[in-house]
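> Starting from these lines, generate the structure:
(one chain, ligands or ions: 1)
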Amino acid sequence: MREPIIAGNWKMFKTVSEAQAFINEVKGRAEIDGVESVICAPFTNLPALVEAVKGTKIKVGAQNLHWEESGAFTGEISGAMLEDLGVNYVIIGHSERRAYFAETDETVNKKVHASFKYNLTPIVCVGEKLEEREAGQTKEVCKLQVNEAFRGLSKEQAAQVVVAYEPIWAIGTGKSSTAEDANEVITYIREQLIALFDVETANHVRIQYGGSVKPNNVREYMNQLSIDGALVGGASLDPNSFTQLVEGAK
Ligand SMILES: O=C[C@H](O)COP(=O)(O)O
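Residues are numbered from 1 along each chain as shown. Model (predicted):
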């Protein structure tokens with residue numbers, strides 16, 4: 001049985017004091033047995049967030065990492081630094097990073113390996129662009145991204161990965177994929193994991209949907225057989241809305 005996971009991706013939002021105030025608001029509310037709740041915040045917020053969530057069920061994630069332990073990489077943060085802070089999760093290969101910061105399938109794979117080296121659970125994002133969707137290439141695009149991201153992982157590592165299927169045209173647009181369409185792609189992604197590893201491993205992998213998930217539609221996704229949670233941008237920024245998302249995943 002896979003535990004559903006609601007992860008908020010705050011992107012480039014919230015100062016440290018805003019992040020602390022958010023945790024004070026959701027403490028005891030966005031903590032539900034049987035649902036994992038995670039906040040993936042800007043690097044500047046991580047030390048304060050790790051402190052603020054102590055004694056709660058809420059986990060903290062970063063939104064990126066560099067694959068090297070240290071070195072001359074101005075502006076980058078390593079997995080070793082995140083582990084040292086007490087961070088649990090890290091988003092890898094978000095479409096905004098692929099589009100604006102030149103991330104490739106190759107760097108995504110390096111980052112996935114680095115996350116395991118430093119005891120961080122990767123949330124690996126895959127998904128198609130609108131033109132790929134319209135050309136009927138959704139599954140092909142996701143297959144390639146999944147194959148590349150999981151390359152070289154052991155079955156034990158693969159089983160721990162969280163995949164976020166995020167059709168790029170649905171991110172921040174209010175145009176969400178239908179729950180049925182998302183479920184179909186996610187089922188296909190799991191089939192790829194069976195082909196790459198085995199049924200047992202693939203059945204452990206949690207696969208989220210992401211793209212304009214809100215409190216009023218989260219249950220539609222969670223009612224689908226293959227969908228194990230959501231990676232949420234905009235609707236994760238408000239404490240009440242985040243709480244409702246976690247409740248909706250139960
Ligand atoms: O990582 C989250 C996704 O980019 C979805 O963002 P959104 O919920 O604002 O559409």
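
> Could you pull up the contacting residues of whatever residue of the chain ends up closest to the ligand?
Residue nearest to the ligand within the chain: residue 233 (2.5 Å; Cβ to the nearest ligand atom). Every C-beta, even on glycine, is put in place using the N, C-alpha and C of the backbone. Residue 233 sits next to 8-11, 171-172, 210 when contact means Cβ atoms under 8 Å, 6 or more residues apart in numbering.

> Could you point out the helix or strand that follows the lowest-mean-pLDDT helix or strand in the chain?
One helix or strand of the chain scores below all others by mean pLDDT, DSSP states H and E: helix 130-134, with a mean of 94. The first helix or strand that comes after helix 130-134 along the chain, using DSSP states H and E, is helix 138-149.

> Contacts for the following helix or strand past that following helix, please.
Moving toward the C-terminus from helix 138-149, the next helix or strand (DSSP H and E) is helix 155-160. For helix 155-160, contacts defined as Cβ under 8 Å, 6+ apart pick out 116, 121, 150, 193, 196-198, 200-201, 204-205.

> and if we set it to 6 Å?
Applying Cβ atoms under 6 Å, 6 or more residues apart in numbering, the contact partners of helix 155-160 are 116, 121, 150, 197, 201, 204.

> Over to stretch 28-40?
3-9, 56-61, 63, 89, 91, 242-243, 246, 249-250.

> Just those: which are in strands?
Using DSSP state E, 5-9, 59-61, 89, 91 are the members of the contacts of stretch 28-40 that sit in strands.

> For this protein, which residues are neighbours of the ligand?
The chain comes close to the ligand at residues 9, 94, 166, 171-172, 210-213, 231-235, as judged by Cβ under 6 Å from any ligand atom.

> any idea which helix is longest in this structure?
Determined from DSSP state H, the single longest helix within the chain is helix 179-196.

> quick one: it to helix 138-149, angle?
Here the directions of helix 179-196 and helix 138-149 differ by 40 degrees (axes from the mean of the first three to the mean of the last three Cα atoms, to 10 degrees).

> Figure out how far the helix or strand just after helix 179-196 is from the centre of its chain.
Under the assignment DSSP H and E, the closest C-terminal helix or strand after helix 179-196 is helix 199-204. Chain-centre distance of helix 199-204: 19 Å, with Cα atoms, centre = their mean, to the nearest Å.

> how far is the very next helix or strand once past helix 199-204 from where the chain is centred?
The element immediately downstream of helix 199-204 (helix or strand, assigned by DSSP H and E) is strand 206-210. A distance of 7 Å separates the centroid of the chain from that of strand 206-210, by Cα atoms, centre = their mean.

> quick one on the thing from earlier: please identify the buried residues of the longest helix of the chain?
Buried residues in helix 179-196, defined by neighbour count with 16 or more other Cβ atoms under 10 Å: 179, 181-186, 188-190, 192-193, 196.

> PyMOL command for the buried members of the contacts of stretch 28-40?
With 16+ other Cβ under 10 Å as the criterion, this PyMOL line picks the buried residues out of the contacts of stretch 28-40:
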select buried, resi 4+5+6+7+8+9+58+59+60+61+63+89+91+242+243+246+249
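
> Excluding chain neighbours, what is closest to residue 77?
Nearest non-adjacent residue to residue 77, counting by Cβ to Cβ, 6 or more residues apart in numbering: residue 43, 5.5 Å away.
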